[in-house]
Structure formats: C-alpha cells, structure tokens
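Engineer: I need the structure of the sequence given here:
(one chain, ligands or ions: 1)
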Amino acid sequence: MSSIPLYHVWQYTDVDRQFWQEHLESWVPARIFDAHTHVNEPRYRVVEMTEEKRRQYWVNEVAEPIGAADADRCYQVVFPGRDFSCLAFGHPTLEFDIEASNASLQIECERRGWYRLAVVRPQWSADRLARELDQPRVLGVKVYYALISHDPTTRDKHLEASIFDFLPHQQLELLNERRAWVTLHVPRAARLGHPDNIHEIRQIRERYPNIVLVIAHLGRSYTLPHAEESLPHFADDEGLYFDNSAVLNPDVHRLALEVLGPRRILYGTDNPVFYMRGRRTWRGRSYINHTNYPFHFNREREPPEVEAQYTLYMYEALRALKQACAIRKLSREDIEAIFCGNAQRLIGTVLQ
Ligand SMILES: [Zn+2]
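Structural biologist: Below you'll find the model as predicted:
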C-alpha cells in the first residue's frame, strides 16, 4: 500500500502498518481513550514560530498545531478498527489565542463526543473559570507555567515557579467544589522529584481532595532515574493519578506499574508531537531523540537502513508500555483499565 499524509512532515507508511500488525494489533484493546492530546486550530496562533525558537527547543520544531478534523482523521489511521475517544486541550501557551481555541474546541468536542480541559490562565477569576466549567463535556482544566506570562525569548521563564503560581488557590477551591479534573505538568528542572513539587502536590491532595488530579507524563519521568526519585513518593496516595503520555522508556513504564499499579495510570499520547518518526535513546538523566527529518535537534543521525525502519514515536511508546505490561504480568482487565476504564471511571466522578 502507499504512504498517506499523517501530520506535519510525517507520512503513515507500510513500516507503520507492519509495526501495528506485528506488535500492537492483537494487544491494544478495542476501546482507546487518549487522556492527553493537544487539539488546536492553527488559525488561532497569534505569535509566529520563528527560526530562532525552532533552534531553542526540539518540541518547537515538531509541534505544529493540529485542528480537530485532522486529529480525528489521524486517530482513525493510527488506531485502525478501534473505538476511540479522548480528553483534548489546546496548546497551553500565550502564542495562541487561548479563549478562541477553547471556544472552538468546545464545538468540536460536542460534535465528536470528545471531552476537553479548558486551558486557563492563573489570572482568571473563579467566575471566569466557572464559565468554562459550566459548558458540556468540559471536565476541568489544563494549567501550565508558560501561561503566567509570555516571554518571546524562552519557554522556560517560569520553569522554577511554584505550582500555586499557575494553579492558584481561588481556582483550586472552585475546582474542588466542582469535583473537576486537573492535568498537571509539573514545573522545575528537577521534575516531579523536586521536594517542593512533592510537598505542593501533597498539599493539593489534602486541601482539595475532590479534585481529580492527574500528573502528566508520569511526572515528566522520561528517564529511569527521574522516575525512581519521584514516583515512590506517591505510592501510597491511591487517589492520585498519572497519564503516561510522552514516555517511551519501557523501564519507566515498568516502574510506574510496579509503584502506582495499573488502576492509577491513564493512557495518553501527547499528540500531535508523537506522530514524529524515529526512536529515543537514553543516557542517564537525559534522552536523545532520533528522527529521519533534518531538524536542528536531530544531530545524532543513525544509518539509513536504521532510519528506514523508524515508526511513529507513539507506536514506540505503545510497544514500551506493552513490554512493561508483560513483565508485570498484567491481566487483560488491567490493560483495558489503562487504555480506557480508568479514564471512564474518573469522568464518571466528574460528571456525577
Ligand atoms: Zn502535553
């Protein structure tokens, strides 16, 4: 069969079809819920992506916005024959008109049966936030430190912020009252294991126990050392959840399953970025992204015969999760819980 355009510079090819057949077709459950996907109509970009920014950070080179119709089409391609739904949100950056993006995604979620998180700024009052939460199919909020204020020279101006700087108490109070969902990308270069992150998350869990708190990307644990120094701190908090989006390391998935158990982990892709082709390797506390497109960040190219076998990063993430589930000897029920059941259960608590 021929290649078909997927997203950005990526095609869906016979290599991907074969990878799906060989590794995923008989393993990925019939129902898939992607608990972490970015859907943002490209027309709402208000600050241009520049060459300088593309050179700064690898995600800037691959994170072209994907609109709802395209996102829907891509999911049908990459999950053939699956019953699919998702929790979608826009790009949490002031380089997009976040109000227009929220409003347009609202219409798309109602049309497609998806759910969404409102992208909210910390400056918003509880009333402003309530107007978002009042809309159907809105489960809660996506917050992010880059929404504190915009700096055109760096995305990391607020990296070392406190969680409460971008998820303030007046919003937490309302979210707790509404039993709403919060997907939290933790700040700080040290990631989830930073003592202040551990302390602040515990504070949120104690003061706002009705919030469905989901820590994104297993706490940004993209390497095993980051997972080892963070996840065990939260082993005993049964009511704290994690999405496993953007994690390609099988050892991290294995540790998360061991420490948190399969009922606290939600499948997520972090698409559209993970339609990228290639693979990731790890060196201690850092990772290297290899791909077959001449991006600036792609400095460690592999031989052409290796690149020719590259598949999508999201497929590599699924294979890593599959390996971890096999090592942990997870039941089909547990696997189905990760892919859909856990999210459905939590949605039920938000919408009750
Ligand atoms: Zn994300």
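Engineer: list the helices and strands the helix or strand containing residue 242 packs on?
Structural biologist: Secondary structure assignment for residue 242, by DSSP states H and E: strand 241-243. Applying 3 or more C-beta pairs under 8 Å, 6 or more residues apart in numbering; DSSP states H and E, one finds that strand 241-243 contacts strand 212-215, helix 217-220, strand 265-266. In this view, the C-beta of every residue, glycine as well, is placed from N, C-alpha and C.
Engineer: Any chance of CSV for those, columns mean pLDDT, mean neighbour count and distance to residue 349?
Structural biologist: Formatted as CSV, the helices and strands packed on strand 241-243 follow (pLDDT from 0 to 100; neighbours: other C-beta atoms under 10 Å; distance: least, C-beta to C-beta, whole Å):
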stretch, mean pLDDT, mean neighbour count, distance to residue 349
strand 212-215, 98, 24, 6
helix 217-220, 97, 25, 22
strand 265-266, 98, 24, 13
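Engineer: Let me have these in CSV, extended by distance to residue 283.
Structural biologist: Output for the helices and strands packed on strand 241-243, formatted as CSV (distance: least, C-beta to C-beta, whole Å):
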stretch, distance to residue 283
strand 212-215, 25
helix 217-220, 17
strand 265-266, 26
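Engineer: Out of those, the one nearest residue 194 is which?
Structural biologist: When those are compared by C-beta to C-beta, helix 217-220 sits nearest residue 194, at 9.8 Å.
Engineer: And for the closest one, what's in contact with it?
Structural biologist: 36, 185-186, 191-193, 197, 226-227, 230-231, 242-247, 252, 256, 265, 270 (C-beta atoms under 8 Å, 6 or more residues apart in numbering).
Engineer: Out of those residues, which sit inside strands?
Structural biologist: Using DSSP state E, the subset of the contacts of helix 217-220 located in strands is 36, 242, 243, 265.
Engineer: ok, of those, which come out buried?
Structural biologist: Buried residues within the ones in strands among the contacts of helix 217-220, counting neighbours by 16 or more other C-beta atoms under 10 Å: 36, 242, 243, 265.
Engineer: and the last one, bridged to which residues?
Structural biologist: When bridges are taken as DSSP bridges, the partners of residue 265 come out as residue 242.
Engineer: Name all residues that make contact with it.
Structural biologist: Neighbour list for residue 265: 218, 241, 242, 243, 244, 256, 257, 338, 342 [criterion: C-beta under 8 Å, 6+ apart].
Engineer: Okay, the fourth one and residue 270: tell me how far apart.
Structural biologist: Distance from residue 243 to residue 270, counting by C-beta to C-beta, to the nearest Å: 8 Å.
Engineer: okay, and the common contacts of the two?
Structural biologist: Common neighbours of residue 243 and residue 270, using C-beta under 8 Å, 6+ apart, are 36, 217.
Engineer: follow-up on the earlier one: among the ones in strands among the contacts of helix 217-220, which one lies nearest to residue 119?
Structural biologist: Nearest to residue 119 among the ones in strands among the contacts of helix 217-220 is residue 36, at 13.1 Å by C-beta to C-beta.
Engineer: From residue 192, how far out is the closest one?
Structural biologist: Applying C-beta to C-beta to residue 36 and residue 192 gives a distance of 16 Å.
Engineer: ditto for residue 211
Structural biologist: 17 Å.
Engineer: swap in residue 56?
Structural biologist: Per C-beta to C-beta, residue 56 is found 24 Å from residue 192.
Engineer: more neighbours, those two?
Structural biologist: Higher neighbour count among residue 56 and residue 192: residue 192, with 26 against 16, using other C-beta atoms under 10 Å.
Engineer: Report the contact partners of that one.
Structural biologist: Residue 192 touches 186, 198, 215, 218, 219, 220, 221, 226, 230, 231, counting by C-beta under 8 Å, 6+ apart.
Engineer: wait, residue 4 sits on residue 12?
Structural biologist: Yes: using C-beta atoms under 8 Å, residue 4 makes contact with residue 12 at a distance of 5.2 Å.
Engineer: intersection of neighbour lists for those two?
Structural biologist: Common neighbours of residue 4 and residue 12, counting by C-beta under 8 Å, 6+ apart, are residue 77.
Engineer: Out of these two, name the residue with the larger neighbour count.
Structural biologist: More neighbours surround residue 12 than the other of residue 4 and residue 12, with 22 against 11 (other C-beta under 10 Å).
Engineer: Give me the secondary structure label for the closest residue to the more buried one other than its chain neighbours.
Structural biologist: Nearest-residue entry for residue 12: residue 6, 4.6 Å, with adjacent residues in sequence omitted and distances by C-beta to C-beta, 6 or more residues apart in numbering. Three-state assignment for residue 6 (DSSP: H, G, I helix; E, B strand; the rest coil): strand.
Engineer: how far is stretch 195-210 from where the chain is centred?
Structural biologist: In terms of C-alpha atoms, centre = their mean, to the nearest Å, the centre of stretch 195-210 is set 21 Å apart from its chain centre.
Engineer: start at 549 instead
Structural biologist: Will do, 549 is the new start, and the previous item becomes stretch 743-758.
Engineer: In contact with the residue nearest to residue 560, which residues?
Structural biologist: Contacts for residue 554 (C-beta under 8 Å, 6+ apart) come out as 560, 622, 625, 626, 823, 860.
Engineer: Please consider this matter closed, and thank you.
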